[in-house]
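In: sequence plus predicted model, see below.
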Amino acid sequence: MPTLCSIVAIAAALALAYTPPAYAYLDAGSVSLLLQGIVAAVAGGAAAIGLYWRKIKSFVFGRRADADAATPAPMHARDGRTDK
């Protein structure tokens, strides 16, 4: 005698096996929204990497994050000039 769980699994499999046609239409607005989402995700990822670059670099190369801060400042910073 089949259990309730197997009956539900068979019913779900049969329901998913038959899919009626969708008759869907993707207009330019839908594609534009999808493209904007992709661009926003890439820009957000780039901003996050830019903000945490020192921590990411220290994690990948196994150095401490403050080891880069111990390096000497560039010449233009040492002689008091503000231009680069």
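Out: Nice, I can see it.

In: what's the end-to-end length of stretch 17-25?
Out: The first and final residues of stretch 17-25 sit 23 Å from each other (Cα to Cα, to the nearest Å).

In: so is Pro21 in a helix, a strand, or just coil?
Out: Recorded secondary structure, Pro21: coil (DSSP: H, G, I helix; E, B strand; the rest coil).

In: err, Ala24, not the other one
Out: Following three-state DSSP, Ala24 is assigned to coil.

In: what's around it, how many residues?
Out: For Ala24, the number of neighbouring residues by other Cβ atoms under 10 Å comes to 6. Placement of C-beta: from N, CA and C, glycine included.

In: next one: Ala43
Out: For Ala43, the count of nearby residues is 10 (other Cβ under 10 Å).

In: begin at 10 from now on, thanks
Out: All right, first residue 10 from here; so that's Ala52.
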